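Novice: got a structure for you, letters missing:
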């Protein structure tokens, strides 16, 4: 069955496959258990949030990180 689905997916255009991935992702996101964080993940998020609140100038924006990454390629 899985190979039949894979073969059918390969017949789709790139745009159609992207839409399919979005549909699948949205269906997963609706299931709360799929995104339940562990205690250690929650603690790390809290630590990072507090660090940012204490020193917002120490971080870098996504745009800065992306530009640096793209520059190194």
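Specialist: Sure thing, it's come through. Note that the structure is a prediction, hence the values are computed from the model and not measured. Numbers count the residues shown, from 1 in each chain.
Novice: For the rest of this, base every contact and every neighbour count on C-alpha atoms.
Specialist: Will do.
Novice: got a pLDDT number for the residue sitting nearest the centre point of the chain?
Specialist: The centroid of the chain falls nearest to residue 25 when counting by CA atoms, centre = their mean (10.1 Å). Residue 25 is assigned 87 on the pLDDT scale.
Novice: Quick check: it vs residue 67, distance?
Specialist: Residue 25 sits at a distance of 27 Å from residue 67 (criterion: CA to CA, to the nearest Å).
Novice: Just say helix, strand or coil for residue 26.
Specialist: Following DSSP: H, G, I helix; E, B strand; the rest coil, we place residue 26 in the helix state.
Novice: count of neighbours near it?
Specialist: Residue 26 has 11 neighbouring residues, counting by other CA atoms under 10 Å.
Novice: Next one: it from residue 9, what distance?
Specialist: Distance from residue 26 to residue 9, by CA to CA: 18 Å.
Novice: Any stretches of this protein with poor pLDDT?
Specialist: 1, 32-34, 73 (pLDDT under 70).
Novice: Show the backbone phi and psi for residue 36.
Specialist: phi -70, psi 120 (degrees, to the nearest 10).
Novice: burial of it, as a residue count?
Specialist: 10.
Novice: For residue 26, see how far away it is.
Specialist: For residue 36, the distance to residue 26 - CA to CA - is 16 Å.
Novice: Span of stretch 50-64 from start to end?
Specialist: So stretch 50-64: terminal residues 22 Å apart, CA to CA.
Novice: let's number from 892 now, not from 1
Specialist: Got it, the first residue is 892 from now on, which makes the last one we talked about stretch 941-955.
Novice: List the buried residues for that stretch?
Specialist: Residues of stretch 941-955 classed as buried: none (neighbour count, 16 or more other CA atoms under 10 Å).
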